[in-house]
Every structure is written in structure tokens, then in C-alpha cells.
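*Asks:* Return a 3D structure for these sequence lines:
(2 chains)
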Amino acid sequence: MDDIYAPHIAEIKKALGDGVSEEVIIADLEKLVKYRVPVAEAKRSIIKKYGGTDSVKKTLSEITTDDRDVEITVKVLEVTKRCVEIKGVSRTILTGILADSTAQLPFTAWSELDLTKGEVVNLRGAYVRSWQNQIQINLGNRCDITKLDKAVGIEAEITPTKLADVKEHANNLHILSVILEADEQTVHTKEGDKTIISGILADDTAKLPFTSWVQNPNLTADATVYIENAYAKVFRGVPTINISEQTTISPSEKIITPVAKATQQSVCDLLKREGAIDVIIKGNILCVRPGSGLIMRCPECKRVIQQNICRIHGPVAPVLDMRVKSVIDDGTGSLTLILDARLTEELLGYSIDEAKKMTSEAMSSEVVEENIREQFVGKMVAVNGSMSNGEYGAILLAESAWFPVSDLKEEAIALLKERGA
Amino acid sequence: MLDREIAWRIFASEFNNTDIMHTADGEQSPHYIITPTGARCNRLFAVGVITEVENIGHENELWRARIADPTGVFTIYAGQYQTGSSVFFTGIKIPSFVAVVGKARIYEPGDGRIYTSIRPEELNLVDEYSRDQWILETAKSTLKRIDAARLALNSNLHEGELIEYLQSNNIQKELALGISIAIMQYSELEQYLSELEQVVYEAVRTILVEKENNVAAEQKQEQIVDFKEYVANIMEMLDTGKGAQYSDIVDAVQKVNITTEQLESIIKELMSEGRCYEPKIGVLRTVH
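*Replies:* Model (predicted):
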């Protein structure tokens, strides 16, 4: 039998113990493979046939999204109760983080299992799902929990998540960061007005906004804090750290160097993230999209309208606006770049009113868009702004933008020197 | 959402030494060329000097243009479906600095020869500074690819293993993929990489050529042939109702290399012609 089956055979042997000889396993597996049964199903079938437990023993680092039934010995690093609605029925579930000496993974228990933070347990009948591109251990009704002596001791502590790695819908986030800004705000919710704290967190990888739904004296600007058990949600295209009653915030003595003002990065690195604030990229404008230049907006909803008729509000008196919709590319990747009226005016060198004059003089509504194309296509532009990466692709909303000018001779000399040429 | 293809920065020399096409599996997957340094390229961005434009079509329009960078020449073909291109080529002055974004094409006439060309998506006039910026950027990314390709050659790994190895060395997936194909298909790659490296350095050195010999300097001189009119205009522009400060005028004309002495004599001339006067010491106004 081919070598490619060796790991599977080893896995089956591990599950069955010494009771069954390797030859028998190989013979059975060969037969099932001949019938073109998928390997995962073949394994399961063989283990069941010889009375082994369904669960395959694995360490967390070995777990893949194909695992249907695993046995793991882990320490519960974090566990929180959450109320969710599943098909209209409200249920209490648990989410948290499990760890062994090889890895950490998030888990969800679909009923209130008896799990407490800090204990070491053996879990059988766990299954694996990929949720939001992240491997997650699922504990259902068939899950067997055996509590182990703490002395079995798994040395594992939660490693804080770097802000650049925060994904949409991440739960039980632990974050070590500096609070750059924190402001109280009153928001209107279904349960009436609420005071929240919102601001910006930073570590050495990125900056992200946060919203705290509870008051906490540790949430003050310039403080370095360790945040346990927060969750992430996408707000205006950017993952936002949410702080709730279940989050603990403690001051930290650790020294964090927050990312300096915005850092320039390559587009390909930026595209790995689901959203980001205060980033700088430098690239060439490769095309200017139709819908750039002078546009009309509905005064009510700000939608772009044509012929003074809004899709929602009917005939309206339009508001004049100007923008650039373009594609910027730095040789590593590309994204959509949007410049608002202020930045468009700045880079073009004329105002909305002047643009309007140009349009009426040329008797063409395209003249501004055409001029933008002439001034922008092929040009190198540096942009500082926030990026969202959702269903419409990656979009960078610029807060400032400029044509970078540097001493190219000096750079050329530096490059030749660096290469020893 | 389908990812937009990266626009690679490739010198004409490397582009024209490319003879491998590659199509990913799956229906409607895009065509790529694989350059010797492993750029798996469907789209590219180039800035150079346009040296030739010709409509070679008979019934339908077919434009052929040549755009030169310091290492060689890109051939551009634009047919009737590249409508913007024909407008652009009709009005173009030769030579001028041009930026082109387009699709990489390979044409094999069947006699063993292979031609690369660009089918333009966007064409635009740019300035010399943008061209130099492009040379520098393209040099940097070409050198990065050369280093990555050497790393691959020295690793003695192939295909999947090689791609993984390159990615673990912070090399972008698209490039890792391209390099894994390039090192299999290009013979004597090591020697070519050394040659290309020298070509890149030569290209970078062209930026160092004294600006006086360059086109932009000439253009600038042409633009401001008439210093007197220029100063008169500046004076009027700086006048916000109470005249223009002399010191502001000095600052403004310095940018176009008019010396203070020249400025003094120009102002004297303007005064004697009755085109400006000095209502207060240090303040100048134009006469309308």
C-alpha cells in the first residue's frame, strides 16, 4: 500500500490500540479505497468495525477541518456564556478557547456543558468546523467530558491576538494594547439611551477602533491595558473590538510600542486583512472609473442620483459633489481608491464651483471626469485612509492623499550602493 | 469577488525575453506569461517614451506603437475594441512620456520566433518625473524577483515544496508560483539573471544623468521664455487689493530660477514702461 496511507494507518492503529494487527487494517483500508470511499470515511468505518471509539485522538495542532470526531485533552483557557437565537429559539451556548501544548483553538459548545475556566478535560466526540475561515472545535450533545486532575497540567496561557490578525466575528479575544483615544458617547439603542466609550487601540502591528458597552475606569487614553474576552464585529467596514460585561480590563506594565503614525505597507499585505484604519499605501493610479468627477446626490440619503430623481425619495433638488473612484496598484496588488470632494479639489487644483463652470463651458458633463483621467492615470499617489475588505472588494477611503515627491537621484544612488553595483 | 490581476512592473528587456505562456486550470481562467524572473503576468504597467505610432489596419483600425524604456522597447497593439487608444494615438506627439496599463500578449507566428506585446487598457501622457519614478520602482521589483529566483535555484526544490519554501521566505504567492514554473522552463537561467541584473543597474544609472541634458529642463526654459511677462503676472496674482509685497515676488520667482538682480532690472523695465508703480516702499502694483 502506498506511503500516502501510512499516516492514516497509524491513526487507525492509535484509535484501536494493540487489539488489531496492522495487516488487517491495511487489508480493510485497501478494500475501501478500491471502492473509492473517501479516506476519512474509510478510517471511520474501520475504527467502528473493530469497536474502537469513534473519536480519533489528536493534538490541537493536528486538527484539520476534515475531522468529524476527535478526542482531545485540553485546558479550558476561557469560557463565556452567551445567549443566541437558533431558529427562533433562544439558547445558552458557551464559547471560549481550548489549548494543549501544541496550539490554541476557539470552541463553541451548543449547550451549557460543565466546563470551567482553568480546568483540564478530556473531550470525546468533538467535531471540527471552519467558521469565518478559522478552525473551530464544536462540542455537541454527543460530547463526553472527563475532568482530569489539574496535576496533569497543561502549560498553556492565552497568547494575546495581535490587532492586525483580528478577524471579523472573533470571540474571546485577548488583546494587549495601548489606548490611543477614548471618548464617552451617548447612543440611542432599543433599550433607550446608553453611554458608551469608543476610541482607538494600537499595538505594534495595527490600530483598530473599539467600542465599550460598559463603563470601565481602566479605559482611559494613553493607558496600556490587557483586555480579556472581547469580541470583534465589523463596523463601517473595519473590525471593531467590542467590550462587554464579560470582558475584563486590567492595566498592564508591559511596554507596547504602538505602530507609529500610519505605516506604509504593501497592498498585498493590506489585502490579507478584513479592514484597517490609518494605513498608508503608495501606488500608481491604473484607471479612473466612470462615476468620477462631478456627481449629484440626493439631499436626504446622499445616494448618487441621475436626472434629479432619487430611487428612494423621488424628485429632489440635488446636491453637487465631486469624487474620484479609481484603481490603485503598487505591483503587489490593487484596490479601489475613493477620494472625496475635498481631496479631489486638492489634487486637481480646482474647486467644485470651478469644475461646474468647466462643465457648463464645455457643455459636457464628462469634461471633469476626463480631466481627472488625464491628471491621474499612471501617476504615483500616496494615500492615508481606512480600508474595508468586504463583498464589494477592497476599498480604500482616503483621508489624505498626495503625489509623493522625493529625490529620485538620491534614491537611485542608494539602491546601486545597497546592491554593490 | 474575483481578484483584479496585479499590474507587474517589468522592464522591456525582460518582457521581450519572455517566451512562456501559462493558463491556470479551470474554465475562463486568465492567460499569463511567465517572465524569466517568474512574474506570472497577465497585466503590466509601464512608463516610457513613445517613439513610433502607426495605423497598420486595413478595414478595421489596428494601431501599433513603440514605447521605449532604458532597456528596450515595448510593442503596443490596439485594435478597434480599444476605443480610447485610437483617440490617444491620433493626437500623440512623438516623442512624449507615456504611461500604459495593459494585458501581456504573446504572438507566435509559427516560425519559431516569439513576440511579446501589450494590449492597452489605459494610456496617458505623464511627465519625466513619473517615468523616472517608474524606472526606480521597476528596478526595485525586478531585483526582488531576481533575488527570489536565485533563492529558488539554490534551494533545489520544485513545484509545491518550492512554492511553500518561497512563501515562507516572504515571497508573494503569485511570484512563488511563477518562479516555480520559470526555473523549470528557462534554460541557463542563472546566467540570464546576472545579465538582467546588470541591465537593471544600467537603467537606474540613467536617472543620474544630469538633468540639463534632459527634456524637462528644455521644456521648462521654453515655458518661461518671457521673464518680463512672468514677473508682471506674478505681481498681479500676488496683489490682493493693496499691492504685492516685494519680498513675496522675490520668493515666487526664485522657483523658476530668476535671480534677484534679474528681477530688479525687470521691475525697472516694467516701471519705465508705465506698467507698474510703487505706491509704498516695498509694495508694487500693476497698472491696468
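*Asks:* quick one, what contacts the residue of chain A found nearest chain B?
*Replies:* Closest to chain B within chain A is residue A:378: 2.5 Å, counting by CB to the nearest CB. Glycine gets a C-beta too; all of them are placed from N, C-alpha and C. By CB atoms under 8 Å, 6 or more residues apart in numbering or on different chains, the residues touching residue A:378 are A:284, A:285, A:286, B:45, B:47, B:99, B:100, B:101, B:122, B:124, B:126, B:130.
*Asks:* Give me the buried subset of these.
*Replies:* Among the contacts of residue A:378, those classed as buried by neighbour count (16 or more other CB atoms under 10 Å in any protein chain shown) are A:284, A:285, A:286, B:45, B:47, B:99, B:100, B:101, B:122, B:124, B:126, B:130.
*Asks:* is it true that the residue of chain A closest to chain B lies in a helix?
*Replies:* No. Read with DSSP: H, G, I helix; E, B strand; the rest coil, residue A:378 is coil and lies in no helix.
*Asks:* Quick check: closest non-adjacent residue to it.
*Replies:* The spatial neighbour of residue A:378 that comes closest, neighbours along the chain excluded (CB to CB, 6 or more residues apart in numbering or on different chains), is residue B:99 at 2.5 Å.
*Asks:* and what of residue B:103?
*Replies:* residue B:119 (4.6 Å).
*Asks:* Counting neighbours, which bits of the one helix or strand the one you found maps to end up buried?
*Replies:* Assigned by DSSP states H and E, residue B:119 belongs to strand B:115-125. Neighbour counts over strand B:115-125 (16+ other CB under 10 Å) mark B:116, B:117, B:118, B:119, B:120, B:121, B:122, B:123, B:124, B:125 as buried.
*Asks:* again, but for stretch A:313-331
*Replies:* A:316, A:318, A:322, A:323, A:324, A:325, A:326, A:327, A:328, A:329, A:330, A:331.
*Asks:* Please identify the residues of the stretch 151-300 of chain A in proximity to chain B?
*Replies:* Residues of the stretch 151-300 of chain A lying close to chain B (CB under 8 Å from any CB of the partner chain) are A:268, A:284, A:286, A:287.
*Asks:* pLDDT and secondary structure for those residues - can I get that in JSON lines?
*Replies:* Below are those laid out as JSON lines (pLDDT from 0 to 100; DSSP: H, G, I helix; E, B strand; the rest coil):
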{"residue": "A:268", "pLDDT": "90", "secondary structure": "helix"}
{"residue": "A:284", "pLDDT": "97", "secondary structure": "strand"}
{"residue": "A:286", "pLDDT": "96", "secondary structure": "strand"}
{"residue": "A:287", "pLDDT": "95", "secondary structure": "strand"}
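*Asks:* what is the rounded mean pLDDT of stretch A:20-40?
*Replies:* Averaging pLDDT along stretch A:20-40 yields 83.
*Asks:* quick one: buried residues of that stretch?
*Replies:* Buried residues in stretch A:20-40, counted by 16+ other CB under 10 Å: A:20, A:25, A:28, A:29, A:32, A:33.
*Asks:* Now do the strands in chain B.
*Replies:* In chain B, the segments counted as strands under DSSP state E are B:7-8, B:20-23, B:31-34, B:40-41, B:43-55, B:63-69, B:72-78, B:96-107, B:115-125, B:244-245, B:276-280, B:283-286.
*Asks:* that older thread, I'd say the residue nearest to residue A:378 and residue B:124 touch.
*Replies:* Yes. Here residue B:99 reaches residue B:124: they are 5.0 Å apart, a contact under CB atoms under 8 Å.
*Asks:* And for the nearest residue to residue B:197 once chain neighbours are set aside, the neighbour number?
*Replies:* Ranked by CB to CB, 6+ apart and with sequence neighbours excluded, the top spatial neighbour of residue B:197 is residue B:146, at 5.6 Å. Other residues lying near residue B:146 total 21 when counted by other CB atoms under 10 Å in any protein chain shown.
*Asks:* which residues sit in contact with the residue lying closest to residue A:255 once chain neighbours are set aside?
*Replies:* In space, and not counting its chain neighbours, residue A:255 is closest to residue A:224: 7.5 Å by CB to CB, 6+ apart. Counting by CB under 8 Å, 6+ apart, residue A:224 makes contact with A:176, A:177, A:178, A:179, A:251, A:252, A:253, A:254, A:255, A:256.
*Asks:* returning to what we had before: quick check: of the contacts of residue A:378, which lies closest to residue A:391?
*Replies:* Each of the contacts of residue A:378 was checked against residue A:391 using CB to CB; the closest is residue A:286, at 22.1 Å.
*Asks:* Residue numbers of the stretch 301-421 of chain A in contact with chain B?
*Replies:* The interface of the stretch 301-421 of chain A toward chain B, taken as CB under 8 Å from any CB, is made up of A:327, A:329, A:331-334, A:373-374, A:377-380, A:391-393, A:405, A:408-409, A:411-413, A:415-416, A:419, A:421.
*Asks:* repeat that for 7 Å
*Replies:* Contacts of the stretch 301-421 of chain A with chain B, taken as CB under 7 Å from any CB of the partner chain, map to A:327, A:329, A:331-334, A:374, A:377-380, A:391, A:393, A:408-409, A:411-413, A:415-416, A:419, A:421.
*Asks:* What's the PyMOL line that selects buried ones from those residues?
*Replies:* Burial among those is assessed by 16+ other CB under 10 Å; the matching PyMOL selection reads:
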select buried, chain A and resi 327+329+331+332+333+334+377+378+379+380+408+411+412+415+416
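*Asks:* Mark which of the residues of the stretch 301-421 of chain A next to chain B are part of helices, please.
*Replies:* Judged by DSSP state H, these include A:374, A:408, A:409, A:411, A:412, A:413, A:415, A:416 as members of helices.
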